[in-house]
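**Student:** with the input below, show me the fold.
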Amino acid sequence: MTESSTAATVAAPNEPVLLPDLSDRGILTLTLNRPRVFNALSEDLLDALTSALESAAKDGTVRVVVIRAAGRAFCAGHDLREMRA
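**Tutor:** As a prediction, the model looks like this:
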């Protein structure tokens, strides 16, 4: 991976932790957006993911949900730093 392509996958601290995108074909893509911590599941990310999935379940235009992740890893599991706090 080049430096420029790596920089493009790193979310800034003020960016949303989940990026939803609904295509005109009814494909909802939810992108986990915490690449600096390998998309570890923080409380904010879990809340956003839960909310997005609940909304998708009620939306008749959503036919399928795809969950993907920004960066090198899909998901490292729960954010252990939050669990220690």
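**Student:** where is the longest helix in the protein?
**Tutor:** The longest helix of the chain (DSSP state H) is helix 43-58.
**Student:** for that one, name the packing helices and strands.
**Tutor:** Counting contacts by 3 or more Cβ pairs under 8 Å, 6 or more residues apart in numbering; DSSP states H and E, helix 43-58 is packed against strand 18-22, strand 27-32, strand 64-69. All C-beta spots, glycine's among them, are computed from the backbone N, C-alpha and C.
**Student:** tell me the most buried of the ones you listed?
**Tutor:** Comparing the helices and strands packed on helix 43-58 by mean neighbour count (mean count of other Cβ atoms under 10 Å), strand 27-32 comes out on top with a mean of 18.
**Student:** figure out the helix or strand that the nearest residue to Pro35 once chain neighbours are set aside lives in.
**Tutor:** Using Cβ to Cβ, 6 or more residues apart in numbering and skipping residues adjacent in sequence, the residue nearest Pro35 is Gly71, 2.6 Å away. According to DSSP states H and E, Gly71 maps onto no helix or strand at all.
**Student:** what number of residues lie near Gly71?
**Tutor:** By the criterion of other Cβ atoms under 10 Å, Gly71 has 20 neighbours.
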